[in-house]
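>>> Give me the fold of what follows.
(6 chains)
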4 protein chains.
Amino acid sequence: MNVEIQQKVRRTAPKEVRQQQLIEATLDAIAERGISGTTTAQVAKRAGLSVGTVMLHFDSKENLLKSTLNFLAEELRDRWSAVQAQPDLSDAERLWGIIEANFHEDILTDTKLRVWFAFFGEAQYRAYYREMVEEFDTERGLALETLLEALAKTSPQQEIDPFGLTQSIESMADGLWLGIMLYPDWLTVDDAKARLWSLLSHNLPEHFKAGATPETASIK
Amino acid sequence: MNVEIQQKVRRTAPKEVRQQQLIEATLDAIAERGISGTTTAQVAKRAGLSVGTVMLHFDSKENLLKSTLNFLAEELRDRWSAVQAQPDLSDAERLWGIIEANFHEDILTDTKLRVWFAFFGEAQYRAYYREMVEEFDTERGLALETLLEALAKTSPQQEIDPFGLTQSIESMADGLWLGIMLYPDWLTVDDAKARLWSLLSHNLPEHFKAGATPETASIK
Amino acid sequence: MNVEIQQKVRRTAPKEVRQQQLIEATLDAIAERGISGTTTAQVAKRAGLSVGTVMLHFDSKENLLKSTLNFLAEELRDRWSAVQAQPDLSDAERLWGIIEANFHEDILTDTKLRVWFAFFGEAQYRAYYREMVEEFDTERGLALETLLEALAKTSPQQEIDPFGLTQSIESMADGLWLGIMLYPDWLTVDDAKARLWSLLSHNLPEHFKAGATPETASIK
Amino acid sequence: MNVEIQQKVRRTAPKEVRQQQLIEATLDAIAERGISGTTTAQVAKRAGLSVGTVMLHFDSKENLLKSTLNFLAEELRDRWSAVQAQPDLSDAERLWGIIEANFHEDILTDTKLRVWFAFFGEAQYRAYYREMVEEFDTERGLALETLLEALAKTSPQQEIDPFGLTQSIESMADGLWLGIMLYPDWLTVDDAKARLWSLLSHNLPEHFKAGATPETASIK
DNA sequence: CATGAATGAGTCTTCATTCAT
DNA sequence: AATGAATGAAGACTCATTCAT
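So this is what the prediction gives:
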């Protein structure tokens, strides 16, 4: 069939394809220009579509942005859930896997990092974020806490506070994200993993060997 | 004289007074509406002044925002610098003092926290932020590193990596800020200090006693 | 269908139509209020369109004004070019035709006259005017000079300075425009043509008969 | 007396001094930025005074501009009136003197030329201009006409139309002003005088010798 | 007389949203 | 399902004018 005609004919695409296309364009736009600098026209242009199509699929700019945030949150949740669901992992491996999910190359791109903090920084979306991720975050917090409790039992000589250690892990992970974004020359992804590993190795030395680099670590 | 009437009377005030007045109105506006939701009209209204006065003192909205960020950064720097300059403090006290400056009640208000992250999140201001705080941050990083090196020498049995520990401290502090902002019901300022104290107590147990609450800690 | 209702219905139109519509509204607005008194809102209202549409088609007020000036300049150039390109005209007829183009009823309306002088008077646009019309004006000046040289050869008893006479013709034409605008009761278009004819008749009496009114003049 | 103290004491100046000072500043401002680009703040700064002082002396910007136009018109009128009032001049000398007044170096500066056309170009001030100069212009027109009539009587062989020739002279003078402003590289003040002399020499050859440069012309 | 901080109506410009095609 | 011309409310910024000093 003639390609030119085909191009004109295939002007419609499945809903999901268009929406994903627009969300990706939105991620790029926010990363580059910030939320306030992102216009529907920019998103449309990046996606190779028209402004009308943006409204057609998302009804409003606000909804497009919320959908974008949703996408990020679900992508992250899917990743650590997958680790959690994976059979034949030790508790320590599972714990590290959940933590490491934050730094996976699909999750921690320059673009996505900037978009996360763009949403954290906008009052309007912070509220929505809280509603949306409350479930996810509580879930992950409980998963970490449960794993830490299990590991604590096998480290009798250490005083472990699972709740506090969860706060430490999650805060440090978040802070490392911020550091990677703001000072990429001073703090790399490998540094970040090393810092979290070090935190674990001080609290659970039997399961996380001090000095072992996270990559080569034999988690037992 | 009646205050209401007095308010309507046009009063001139020193430049610094008006500028501070406007910066404080800007802090409130950003905290409540975000950077993109903050309009010059809003700031003016909050400050009890007119839009023209905002422009008179800051020339542009961009400059007003940058001045606001400047104010925050200098306020924080002044606080930890003061600790550093204070005589008759031990190295451990000095280290803790610098860390604790981040959580001082003048520094860590709900409003200011939101404004910090608003600036981190806006692409446009992130670049300016980096330029502006580079000096401050490098300075503080070096101060921490130097203190950690000194403390490491008196903890011979521990393996201390001053650079890595500095990364850990700063990242955790940043992440705790984010946590306090996003999940105030789950993470309090006292939790935050306890988490940082715990980090230090694991790395420098001789100087930071495990279990001691930071407030009552006898830092020696 | 009812015209009034039809007007309220949003209609798309070719780019050129909208642009011409807006340029004409701009001409009227400048004529009535001057350049500084012409606002985008006024132009939009006159054109029966919205302010957004003005920006959509011209990007900025400055560009709208420049386009308006362009339109005037090209309209004038097209008119005398057409005379120049016309075959079977004698040199004298051609010369007079070029001069007369300045006073054609499509060119010399009250409105357009005011707009020309509005642009001459605004420092900001004078520079642009020069850039834009330099080519046109040089071209016309050369056309006049060439014709005058040819006519001079057939008037051997007269001392003709084609360059100087070109200056005289163009200056007088410009001054007559100004006079028609400022003192319409004292100086009419017919007066203007008579003055220019008189200038020619004194310099090239064989080709431009003294006393002949320009309209009825038998130019040979 | 101490100069510094004197400067602080002499903060007041005669009304006329301040007004002239401000009018000069206005001339410069309009020449450089145009009427719409001229702000009271600019004028005040150029004059080394404050915005308040501008309002104090002229009440409004509009009045300042009108006063500026007044100044120009009176300055020009004074100059040709002086020629007219001068005894022991022949009619031809008087005629040429009145014409030449337009090109006197005090009258025809770059700055003033631009200001004249700025006022001609602004609808708002054109009306005021007409009111104001009607008297002056009628007066000058009559002066020229009267002189031309007198000269015509002594040139019996020429057909002179004093009214038409007055139109020609005034229009050409105005057009030459415009040319000097717009194309200073193509048309100089000397060219302008030569063009007007040429016009007169064709109409009144006995009084204005062809080829004589205006400067050295022995007007008899 | 002179100042200049303060005002706020007015302007240009942006951009989410609509809707005829 | 897709387009993009058109809209108009909203925002940043300007500037003539006021007025307390």
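>>> Go ahead and confirm A:Gly175 touches B:Ala173.
Yes - contact criterion CB atoms under 8 Å: A:Gly175 and B:Ala173 qualify, at 6.8 Å. Every C-beta, even on glycine, is put in place using the N, C-alpha and C of the backbone.
>>> which of these two has more neighbours?
Taking other CB atoms under 10 Å in any protein chain shown, A:Gly175 and B:Ala173 do not tie; A:Gly175 has more neighbours (26 against 23).
>>> these two touch, right, A:Ser50 and A:Ala44?
Yes - between A:Ser50 and A:Ala44 there is a contact at 5.6 Å, judged by CB under 8 Å.
>>> which other residues reach the helix or strand hosting A:Ala25?
Using DSSP states H and E, A:Ala25 maps to helix A:15-37. Residues outside helix A:15-37 that contact it (CB atoms under 8 Å, 6 or more residues apart in numbering or on different chains): A:38, A:42-44, A:46-49, A:53-54, A:57-58, A:64-65, A:67-68, A:71-72, A:110-112, A:114-115, A:118-119, A:122, A:125, B:35-36, B:121-124.
>>> Among these, which lie within helices?
Judged by DSSP state H, the contacts of helix A:15-37 include A:42-44, A:46-47, A:53-54, A:57-58, A:64-65, A:67-68, A:71-72, A:110-112, A:114-115, A:118-119, A:125, B:35-36, B:121, B:123-124 as members of helices.
>>> Check these one by one and keep those near DNA strand E.
Contacts with DNA strand E within the ones in helices among the contacts of helix A:15-37, as defined by CB under 7 Å from any atom of the strand: A:Val54.
>>> which of the ones in helices among the contacts of helix A:15-37 count as buried?
In the ones in helices among the contacts of helix A:15-37, burial by neighbour count holds for A:42-44, A:46-47, A:53-54, A:57-58, A:64-65, A:67-68, A:71-72, A:112, A:114-115, A:118-119, A:125, B:35-36, B:121, B:123, counting by 16 or more other CB atoms under 10 Å in any protein chain shown.
>>> circling back: list the buried residues in the helix holding A:Ala25.
By 16+ other CB under 10 Å, the buried positions in helix A:15-37 come out as A:18-19, A:21-31, A:33-36.
>>> orientation of it relative to helix B:110-121 in degrees?
Helix A:15-37 and helix B:110-121 are oriented at 120 degrees to each other (axes from the mean of the first three to the mean of the last three CA atoms, to 10 degrees).
>>> residues in contact with the residue positioned nearest the centre of chain A?
In chain A, the centroid-proximal residue (CA atoms, centre = their mean) is A:Leu76; its distance is 4.0 Å. The contact partners of A:Leu76, by CB under 8 Å, 6+ apart, come to A:101-102, A:107, A:136.
>>> so how far is A:Thr213 from it?
The spacing between A:Leu76 and A:Thr213, counted by CB to CB, to the nearest Å, is 24 Å.
>>> Under a three-state scheme, what state does the nearest residue to A:His207 once chain neighbours are set aside occupy?
Computed as CB to CB, 6 or more residues apart in numbering or on different chains, the closest residue to A:His207 that is not its neighbour in sequence is A:Ala92, at 4.1 Å. What DSSP: H, G, I helix; E, B strand; the rest coil gives for A:Ala92 is helix.
>>> wait, A:Trp177 sits on A:Trp116?
Yes - the pair A:Trp177 and A:Trp116 qualifies as a contact (CB under 8 Å) at a distance of 7.1 Å.
>>> among the helices and strands of chain A, which has the poorest mean pLDDT?
Between all helices and strands in chain A, the lowest mean by mean pLDDT, DSSP states H and E belongs to helix A:3-9, at a mean of 37.
>>> Domain-wise, how is chain A divided?
Structural domains annotated on chain A: A:1-59, A:66-220, as defined by automatic domain parsing.
>>> Can you read off the pLDDT for whatever residue of chain A ends up closest to chain B?
The minimum distance from chain A to chain B, using CB to the nearest CB, falls at A:Gly121 (2.3 Å). On the pLDDT scale, A:Gly121 is placed at 92.
>>> residue contacts, it?
Contacts of A:Gly121 (CB under 8 Å, 6+ apart): B:34-35, B:117-122.
>>> 6 Å instead?
Contacts for A:Gly121 (CB atoms under 6 Å, 6 or more residues apart in numbering or on different chains) come out as B:117-118, B:120-121.
>>> Show me where chain A dips below the pLDDT cut-off.
A:1-13, A:157, A:214-220 (pLDDT under 70).
>>> tell me which parts of it are close to DNA strand E?
Within chain A, the positions adjacent to DNA strand E are A:37-41, A:51-52, A:54-55, A:60-62 by CB under 7 Å from any atom of the strand.
>>> Over to the residue nearest to A:Leu144 when sequence neighbours are not counted. Which of the three states is it?
Leaving out its chain neighbours, the residue that sits closest to A:Leu144 by CB to CB, 6+ apart is A:Thr166, at 4.7 Å. The local conformation at A:Thr166, judged by three-state DSSP, is helix.
>>> A:Glu145 is in contact with A:Thr166, correct?
Yes - under the criterion of CB atoms under 6 Å, A:Thr166 makes contact with A:Glu145 at 5.0 Å.
>>> quick one: which of these two has more around it?
Set A:Thr166 next to A:Glu145 and count neighbours by other CB under 10 Å: A:Thr166 wins out with 20 against 17.
>>> Roughly how far does the residue of chain A found nearest DNA strand F sit from chain D?
At 2.2 Å from DNA strand F, A:Gly52 is the closest residue in chain A, using CB to the nearest atom of the strand. Distance of A:Gly52 to chain D, given as CB to the nearest CB, to the nearest Å: 39 Å.
>>> count of residues packed around that residue?
10.
>>> ok, now the one 10 residues further on?
A count of neighbours around A:Glu62, defined by other CB under 10 Å, yields 12.
>>> Whatever helix or strand it lives in vs DNA strand F: in contact?
Assigned by DSSP H and E, A:Glu62 belongs to helix A:61-85. No - if you take CB under 7 Å from any atom of the strand as the test, helix A:61-85 misses DNA strand F, and the best it gets is 12.1 Å.
>>> just how off-centre is that helix within its chain?
How far helix A:61-85 lies from its chain's middle: 7 Å, per CA atoms, centre = their mean, to the nearest Å.
>>> Taking helix A:110-121 as reference, get the angle to that helix.
Using the same axes, to 10 degrees: helix A:61-85 against helix A:110-121 is 110 degrees.
>>> mind checking how far A:Leu89 is from A:Leu196?
Using CB to CB, A:Leu89 is found at 18 Å from A:Leu196.
>>> scratch that, A:Leu142 is what I was asking about
Distance from A:Leu142 to A:Leu196, counting by CB to CB: 19 Å.
>>> neighbour-wise, which of those two wins?
Ranked by neighbour count (other CB under 10 Å), A:Leu142 and A:Leu196 place A:Leu196 first, with 24 against 11.
>>> Surely A:Ala44 touches A:Met55?
No - judged on CB under 6 Å, A:Ala44 makes no contact with A:Met55 at a distance of 9.3 Å.
>>> circling back: out of the residues of chain A next to DNA strand E, which two sit at the greatest distance?
Spanning the widest gap among those are A:Gly37 and A:Gly52, at 21.4 Å by CB to CB.
>>> Which residues of chain A lie near chain D?
When proximity is defined by CB under 6 Å from any CB of the partner chain, chain A lies next to chain D nowhere.
>>> near chain B, which residues of chain A show up?
A:33-34, A:36, A:117-118, A:120-124, A:167-168, A:171-172, A:174-176, A:178-179, A:187, A:191, A:195, A:202.
>>> Who are the contact partners of the residue of chain A found nearest chain C?
Chain C sits closest to A:Ala41 of chain A, with a gap of 11.6 Å, by CB to the nearest CB. Going by CB under 6 Å, 6+ apart, A:Ala41 touches A:Val51.
>>> and what of A:Glu145?
Counting by CB under 6 Å, 6+ apart, A:Glu145 has contacts A:162, A:166.
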